[in-house]
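Enquirer: quick one: sequence plus predicted model below, questions after.
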Amino acid sequence: MDARSSLATGVEQVGHLAIRQPAIIYFLQRELWSRDGDAFAAGLALAHRVVDELATMAGGSLPRLSHHSLAAAIDEVRRGGCERQTVRWIRDQIDELEVVLTRTEEDAVATVIAGVLWAAARAQLPETRVAVAAS
């Protein structure tokens, strides 16, 4: 894949995420934006990956997440509600990205993506206690 087709694919992915899940874009911007934009870019890439994989597993599209559901999810994650296995998976995903993040940026991205996972799981399974988070 050359640089142009890679860029086009990235733009399409972000566009798709912005259309389907605008609250996630706002959430990422609010939580991860910095002057260099690296954490935000990492968050966009991982959020797209998470939303795409969850939609595939669900056999359709993910319900649209709200600002409220994302805020509640990140609060739960920040209170220690994220399983170690989930954190490891997120950190492995961060390591695969072609972006250099500081430790603080990595922590922020991991927390935000855990919040996206939590909110998405709650949206898909609203009647059950979500096990995406704890430890």
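Expert: Now that the structure is in, tell me what you want to look at. Numbering: from 1, shown residues only.

Enquirer: need the pLDDT of Met57.
Expert: pLDDT for Met57: 82.

Enquirer: all numbers from here: first residue = 51
Expert: All set: I'll call the first residue 51, so the last point we hit is now Met107.

Enquirer: can you count the residues close to it?
Expert: 10 (other CB atoms under 10 Å). Quick note: C-beta positions are derived from backbone N, CA and C, even for glycine.

Enquirer: helices of this structure, residue ranges please.
Expert: 53-70, 72-82, 88-108, 117-128, 134-146, 153-174 (DSSP state H).

Enquirer: ranking the ones you listed by burial, who's on top?
Expert: Highest mean neighbour count of the helices of the chain: helix 153-174, a mean of 21 (counted as mean count of other CB atoms under 10 Å).

Enquirer: dump that one to PDB, restricted to CA.
Expert: Output in PDB follows, covering the C-alpha atoms of helix 153-174 (Å, rounded to 0.1, in the frame of the first residue of the first chain):
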ATOM      1  CA  ARG A 153       4.000   7.700  28.700                       C
ATOM      2  CA  THR A 154       1.400  10.300  29.700                       C
ATOM      3  CA  GLU A 155      -0.100  10.300  26.200                       C
ATOM      4  CA  GLU A 156      -0.100   6.400  26.200                       C
ATOM      5  CA  ASP A 157      -1.900   6.400  29.500                       C
ATOM      6  CA  ALA A 158      -4.500   9.000  28.200                       C
ATOM      7  CA  VAL A 159      -5.100   7.000  25.000                       C
ATOM      8  CA  ALA A 160      -5.500   3.800  26.900                       C
ATOM      9  CA  THR A 161      -8.000   5.400  29.300                       C
ATOM     10  CA  VAL A 162     -10.000   6.900  26.600                       C
ATOM     11  CA  ILE A 163     -10.100   3.800  24.500                       C
ATOM     12  CA  ALA A 164     -11.200   1.800  27.600                       C
ATOM     13  CA  GLY A 165     -14.000   4.400  28.000                       C
ATOM     14  CA  VAL A 166     -15.100   3.800  24.400                       C
ATOM     15  CA  LEU A 167     -15.100   0.100  24.900                       C
ATOM     16  CA  TRP A 168     -17.100   0.400  28.100                       C
ATOM     17  CA  ALA A 169     -19.700   2.700  26.500                       C
ATOM     18  CA  ALA A 170     -20.000   0.500  23.400                       C
ATOM     19  CA  ALA A 171     -20.400  -2.600  25.500                       C
ATOM     20  CA  ARG A 172     -23.100  -0.900  27.600                       C
ATOM     21  CA  ALA A 173     -24.900   0.200  24.500                       C
ATOM     22  CA  GLN A 174     -24.900  -3.300  23.100                       C
END
